[in-house]
Structure formats: structure tokens, C-alpha cells
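Chemist: Quick one: sequence and predicted model below, then my questions.
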Amino acid sequence: MARILWADDEIDSLKPHLLFLTNKGHEVTPVNSGNEAIEYFSKENFDLVFLDENMPGISGLTALEEIKKISLNTPVIMITKSEEEMIMEEAIGKQISDYLIKPVNPHQILMAIKKILDGKRLVSETNSTSYRQEFNKISQDLNLVKDLKGWKDIFKQLTFWELQLETSDQNMVEVFNMQKEEANQLFTRFIDKNYQDIISSNEILSHNLLKSNLFPELNQQSYYLIVIDNLRYDQWLIIKPILEEYFNIEKEETYTSIIPTTTQYARNALFSGLSPLEINRRYPDKWVSEEENEGKNLHEEFFLNENLRRHQLNIKSSYHKITNLNAGKKLVQQIDNLNHNQLNTIVYNFVDTLSHARTDMEVIKELAEDESAYRSITRSWFKHSPLFDVLKKISTTSSKVFLTTDHGTIRVKTPTKVIGPKSTNTNMRYKVSKNLTYQSKDVIEAQNPEKIMLPKTHLSSSFIFAREDKYFVYPNNYNHFAKLYNDTFQHGGISMEEMLIPYVQLNGK
């Protein structure tokens, strides 16, 4: 059990409490002053410290400060007679783990110990038990889901449990991962069977998201449209609590990225309000084919302005693409000058950069070795990013925020061989070319791309999309590249993580 240091100038009166804790298996060292507490703490190891706030000589707050200098992470519980807000704020500022108001009873003390020392374990056990009870229901729902709304609901449930189970035992995590893999297999079959109908339906997809959910409000309300490239739904949930301090969340939904789930297709469709096939037909000089080497998303501002014009939105607007730290810092300084616009669009590329860096740099691979670590590094970046500073500034204005993304990513684990001409595109989750050779069981094929609103470079061009967690590797030096890209985050194919992505509406508090 726990080794506890308890400092109180009336420690003799607390003998029943000390005996109660000893009978529960804890080892308690009682001391009469702050000085003694510091002396003992500097010589021995303790799991937890109880400090009386009002002791003669060195006060509890002063002792707390010294104890934190010795060990910042040892939890300290402050016990006080006073309910003065100022004292509590000072104690909390000095990183106490909890505080109790005198008189305290033994059961209060025991609960405080359990909350601090056993809290994570108890939460983990509770989450594991709860998920075990939900497992069968989710399994049944997987076999009954018939439409995109059903898949979005399933995906939200799975993402909720993925976050809840992060600290659970490995066996339960493995059970969850198996269920999620099964869900992705069934989702891929659903997309294979229904995508042609979906893209010609009224579902909210990349090319009609703005028309359906943002444009109707622009005549009455100014907005910042913020597109964070590559932002998955779980990553949104990780940064959501940070933003809730500054914004009310008025709407929080998922929509469906078109395929291929890449910038060239999904983001151009998002801004233009058109399918890739329509973009190619209407603006052939702006659509860059797969075989050309120039950038594939150089005309986003043009596409957005044309989209606004088609919907008769004659408004003042601005467009900003942020690809590095200095550009982000500069944007923070510009916010005050943008508030007179009806629409300000910001494209922020960090998450996409992170996913590519994870492929290219060993240090990033180690920092983001799994889904949980990938979420954690995203949260850490966001908290210290210029984008967060931008959003904090926006929260003080009368403008609302429409925050979304163009597609997500999936952690790939299963290589599959593909052979194609030299001109075949390099993306690891989809290929477009003529004369492709591949393993049919691992892909979804689009022999006639125009049926799913995609342009083709040649008459005989076709698309293939990787299923679930597959990724394409050429036979030449197969083992090297299979190992290099295994466990990296890729996009372009078909999975829940890539296609079911967030859009939210925020209003400053």
C-alpha cells in the first residue's frame, strides 16, 4: 500500500485516523511541523503527503513549496480549517493534488488516498468493464448498419471507447483493436457497394459541405473558416477540451470525405463545391493531372471565390495558407485587420506535415509510435501553436468559427504488392494509371472513374483504393519499403479514419 507523510501541529489528536489508515495497510509517518515534514521528505521516499495549512513556524503553504522543490510529482493533500478562496487558490497554484476542510473523518481521508493513488487504476477497471458490456451491442450494430448515418454513429462509439481505454490493460485494448478492424472491414465493403450512389446523393460530402452548412449563414454572420489538413475525428476530440475554455460548441458533426482521401481531390472539392470530375471539366487549366509534377492544390483560393460567386455571395473575404511557424505567427498579428471581412479562410497544414514527418524521421516515429501517442503529440502541438493563439483572438470577436478538415489518416500495417507504369502516382493508399497489376482482395477498383465523379488521364485509366490498413508497395525492394512504411499514418484510401471526419461550429464565450 502507500507510504504517507502526515504533518499537523495537532497530530496527537489524529491518532484514530492514523490507526484507521494503518489497519487499511498504509504506512503513516506522523510529524508535528512543517520543518519536520521537509526534513523527513528530503531523506525518505513517500507516495503521498498530508499537510495542515495552518501550523506554527513554517506554514503548510511554505512546506508545500519546499516539498515540491524536492519532488514535483509527489501528490500533496492540503488540510485546512479556512475556506478562504485566496488560500485555496494559492495552494492550487502551488500544485496540490486535493484539499480537505477540517474536521475530516477517516473515510474522507481514505477516499482522498484512493482518488489520488488508485484513481487511474479504478478508472481503467471501470472503463474495461463498461466496454466489455458494450462489446456485444457494438458487434450487433455492426451487422445491422445500412447507411452512412449508421456508420458515423458506430465510428463515434468506437472512437469514444478508444479514448476511454487508453489506460486499460493490454488484453482489453487488443479486444477493442480487433473490433475496430472488423468495423473497418465492414465499412470498406459498404463503401465498395454503395459509393456510386452516395456521391450522387444528398449526403454531406466534401463538395457540398460549405454549401450546406456554412454559406447559408454568411449573409447574417461573419465567419472564420479554418481547415486543419489531415485532422482525424479522434484528434479533434483531443483538442476540443482546450477550445471549450474559449468557445461554446454550437455544432459538432462528422461528414464524409470523397475518395481519394487526399488534398488534390478532397480539399479541392471542399473549396470548389464541385466533384473532381466537374472541376476538371469546368476549369481544365486549374486541374493538375496525376502525371504532372506541379503542385496539386495551388488554386484553392480561386476555387473558393468561384464557389462563393456561384452562390451569389458577394462578400469581403480573405484566404491564408499556413505551412510554417513564422507564417502562423504573422497571422496572429493580422487578426485585428481581418475582422471587417465576412469570411476569412485559414488552411493550416501542420497535422499533414506531422504525418509525413513520422514517415521520414525516426525521432517522430518514436514520439508518435501508436494511435495514443499520435493524439498526444497533436494535442501538445496545438496547445503551443500559433493556430491556438489565432483562435483565442477570434474568440474575443463577434465572428464565429467553422472548423473542419479535408480528410483523415489511418495507421497502415499490411503491405500489398502493386505494379504499374513509371508514370503511376506515388500515393501509398491509392493508385491511378492504366495497366495496373494488384491483388484484388486488397483493393476497391474503379474501372470507370467517371461513375464516381473522378477524371481520368487516359481512356483506359482506372483507380484502385487500398482497403482498411493496407498500403501499396512495389515488388522492387519490397521488404525494405514494406518495413519503412509499416505503422505510419497514410491517407488516400478507404477507412473510417480517413473518410469520416469532423466539422464544428464555434462561438466565442
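Modeler: Alright, I've got the coordinates. Everything numeric in this text was worked out from a predicted model, so none of it was measured.
Chemist: quick one: low-confidence ranges for this protein?
Modeler: Applying pLDDT under 70 to the chain flags the ranges 82-94, 119-123, 125, 291-296, 351-369.
Chemist: how is it carved up into domains?
Modeler: With domains defined by automatic domain parsing, the chain comprises 3-117, 121-199, 206-409+498-508, 411-491.
Chemist: Quick check: the residue of the chain most remote from its centre vs V31, distance?
Modeler: Using CA atoms, centre = their mean, the residue of the chain lying farthest from its centre is D12. It sits 51.2 Å away. Computed with CB to CB, to the nearest Å, the distance linking D12 and V31 is 12 Å. (Each C-beta comes from the backbone N, C-alpha and C, glycine too.)
Chemist: With S201 instead?
Modeler: In terms of CB to CB, S201 sits 72 Å off from V31.
Chemist: neighbour-wise, which of these two wins?
Modeler: Taking other CB atoms under 10 Å, S201 and V31 do not tie; V31 has more neighbours (20 against 12).
Chemist: Pop out the phi and psi values for that one.
Modeler: phi -140, psi 160 (degrees, to the nearest 10).
Chemist: cool, K470 as well?
Modeler: Torsion angles, degrees, to the nearest 10, at K470: phi -80, psi 160.
Chemist: for G420, same thing?
Modeler: According to degrees, to the nearest 10, G420 has phi -160, psi 170.
Chemist: does it really touch N427, like I thought?
Modeler: No. Counting by CB atoms under 8 Å, G420 sits too far from N427 to count as a contact (11.8 Å).
Chemist: how about the helices in the stretch 301-450 of the chain?
Modeler: Per DSSP state H, counting those that start in this stretch, the stretch 301-450 of the chain carries helices over the ranges 325-338, 350-360, 362-367, 371-383, 386-394.
Chemist: Tell me what Y223 is bridged to.
Modeler: Going by DSSP bridges, Y223 is paired in beta bridges with L343, K400.
Chemist: Contacts only, for it.
Modeler: Contacts for Y223 were tallied using CB atoms under 8 Å, 6 or more residues apart in numbering; they are 214, 217, 342-344, 399-402.
Chemist: of these, buried ones?
Modeler: Among these, the ones that count as buried by 16 or more other CB atoms under 10 Å are 214, 342-344, 399-402.
Chemist: The spatially most central residue of the chain - nearest residue in space that isn't next to it in sequence?
Modeler: Nearest to the mean C-alpha position of the chain, counting by CA atoms, centre = their mean, stands Q235 at 0.6 Å. What sits nearest to Q235 in space, not counting adjacent residues and going by CB to CB, 6 or more residues apart in numbering, is T378, at 4.8 Å.
Chemist: I'd say the one you found and I238 touch.
Modeler: Yes. Using CB under 8 Å, T378 is in contact with I238, at 6.1 Å.
Chemist: Comparing these two, which residue is more hemmed in?
Modeler: In this view T378 and I238 are compared by other CB under 10 Å, and T378 has more residues nearby, 24 against 19.
Chemist: distance of the more buried one from K180?
Modeler: Per CB to CB, T378 is found 19 Å from K180.
Chemist: And for K413?
Modeler: Going from K413 to K180 by CB to CB gives 12 Å.
Chemist: quick one, which of the two is more surrounded?
Modeler: K180 (20 against 14).
Chemist: Now do the same contact list for the more buried one.
Modeler: Shown in contact with K180 (CB under 8 Å, 6+ apart): 158, 162.
Chemist: Next, it: phi, psi?
Modeler: According to degrees, to the nearest 10, K180 has phi -70, psi -40.
Chemist: do L500 as well
Modeler: As for L500, its main-chain torsions (degrees, to the nearest 10) stand at phi -100, psi 100.
Chemist: Would you agree it is in contact with K152?
Modeler: Yes. Under the criterion of CB under 8 Å, L500 makes contact with K152 at 5.8 Å.
Chemist: circling back: how about the buried ones among the contacts of Y223 in JSON lines, adding distance to A327?
Modeler: Shown next, in JSON lines, are the buried ones among the contacts of Y223 (distance: CB to CB, whole Å):
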{"residue": "L214", "distance to A327": "24"}
{"residue": "Q342", "distance to A327": "23"}
{"residue": "L343", "distance to A327": "20"}
{"residue": "N344", "distance to A327": "15"}
{"residue": "S399", "distance to A327": "21"}
{"residue": "K400", "distance to A327": "24"}
{"residue": "V401", "distance to A327": "19"}
{"residue": "F402", "distance to A327": "21"}
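Chemist: Among the residues you listed, give me the pair with the biggest separation.
Modeler: Maximum pairwise distance among the buried ones among the contacts of Y223 (CB to CB): 13.8 Å, between Q342 and V401.
Chemist: Walking through the stretch 1-150 of the chain, point out its helices one by one.
Modeler: All helices of the stretch 1-150 of the chain, identified by DSSP H, counting those that start in this stretch, fall at 15-23, 34-43, 60-70, 85-93, 106-117, 119-144, 148-164.
Chemist: Could you measure from H207 over to V227?
Modeler: 14 Å.
Chemist: what do you get for N177?
Modeler: 30 Å.
Chemist: who's more crowded, these two?
Modeler: Taking other CB under 10 Å, N177 and V227 do not tie; V227 has more neighbours (21 against 13).
Chemist: Can you check what angle separates the helix or strand the more buried one falls within from helix 371-383?
Modeler: Per DSSP states H and E, V227 falls inside strand 223-228. Going by axes from the mean of the first three to the mean of the last three CA atoms, to 10 degrees, strand 223-228 is angled at 140 degrees with respect to helix 371-383.
Chemist: going on from strand 223-228, what's the next piece of helix or strand?
Modeler: Immediately after strand 223-228, counting by DSSP H and E, sits helix 233-243.
Chemist: Show me what that following helix is in contact with.
Modeler: Outside helix 233-243, the residues within contact range by CB under 8 Å, 6+ apart are 155-156, 159, 162-163, 249, 252, 254, 351, 371, 374-376, 378-379, 382-383, 388, 391, 408, 497, 500-502, 504, 506.
Chemist: Drop anything exposed from those residues.
Modeler: For these, a burial check counting by 16+ other CB under 10 Å picks out 155-156, 159, 162, 254, 351, 371, 374-375, 378-379, 382, 388, 391, 408, 497, 500-502, 504, 506.
Chemist: So what's the residue count around the closest residue to F303 other than its chain neighbours?
Modeler: Distances taken as CB to CB, 6+ apart put S272 closest to F303, at 3.7 Å, once the chain neighbours are dropped. Using other CB under 10 Å, the number of residues around S272 comes to 27.
Chemist: hang on, S272 packs against I279?
Modeler: Yes. Counting by CB under 8 Å, S272 does reach I279; the two are 5.4 Å apart.
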